[in-house]
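[1] fold the following.
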Amino acid sequence: MQGELLQGTLDLLILRTLALGPAHGHTIAYAIERRSEDVLQVYPPLHRLEDRGWIASFWGTSENNRRARYYRLTPKGRAQLAAQTSRWDEIVRAVDRILRPAD
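    Numbering: from 1, shown residues only. Coordinates of the predicted model:
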């Protein structure tokens, strides 16, 4: 369960990051690390998400003028983002009810 939860959470964070626009792998990892205040230090499993059809890749030029592989969210990925966000909210509420029971 723990591995599945962590993997699902990482998928959600990658999809959310790409909802802001296309980015290459290093940028995705950096954004997640920065937004989590370095609590989450990961290199995203982009190929797995691409195999599922949630993201698509293309070649472009990076900020330092190098060829880089970029990723973008697909329509299927947008639907998955919405579903996973809803599920995440449900899990957070459930855990909160256990950790902070009503008096």
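
[2] can you pull out the strands in the protein?
    23-24, 55-61, 67-73 (DSSP state E).

[3] list the neighbouring strands of the second one plus their orientation.
    Same thing as strand 55-61. strand 67-73 (antiparallel) (DSSP bridges).

[4] so who does the residue positioned nearest the centre of the chain touch?
    Here the mean C-alpha position of the chain is nearest to the C-alpha of I14 (C-alpha atoms, centre = their mean), at a distance of 1.6 Å. Counting by C-beta atoms under 8 Å, 6 or more residues apart in numbering, I14 makes contact with I28, I32, P44, P45, L46, L49, I55. (C-beta placed from N, C-alpha, C; glycine too.)

[5] 6 Å instead?
    P44 (C-beta atoms under 6 Å, 6 or more residues apart in numbering).

[6] tell me the confidence at it?
    With respect to pLDDT, I14 scores 91.

[7] make 116 the starting number, not 1.
    Let's use 116 as the start, then, which means that last one is I129.

[8] any stretches of the protein with poor pLDDT?
    116-122, 218 (pLDDT under 70).

[9] and with 90 instead?
    Applying pLDDT under 90 to the chain flags residues 116-127, 139-141, 148, 151-163, 177-179, 206-207, 210, 212-218.

[10] for the longest helix along the chain, packing partners?
    If you go by DSSP state H, the chain has its longest helix at helix 190-214. Counting contacts by 3 or more C-beta pairs under 6 Å, 6 or more residues apart in numbering; DSSP states H and E, helix 190-214 packs against helix 117-133.

[11] ok, back up a step: tell me the most buried of the strands of the chain?
    Burial of the strands of the chain is given as mean neighbour count (mean count of other C-beta atoms under 10 Å); strand 138-139 ranks first at a mean of 20.
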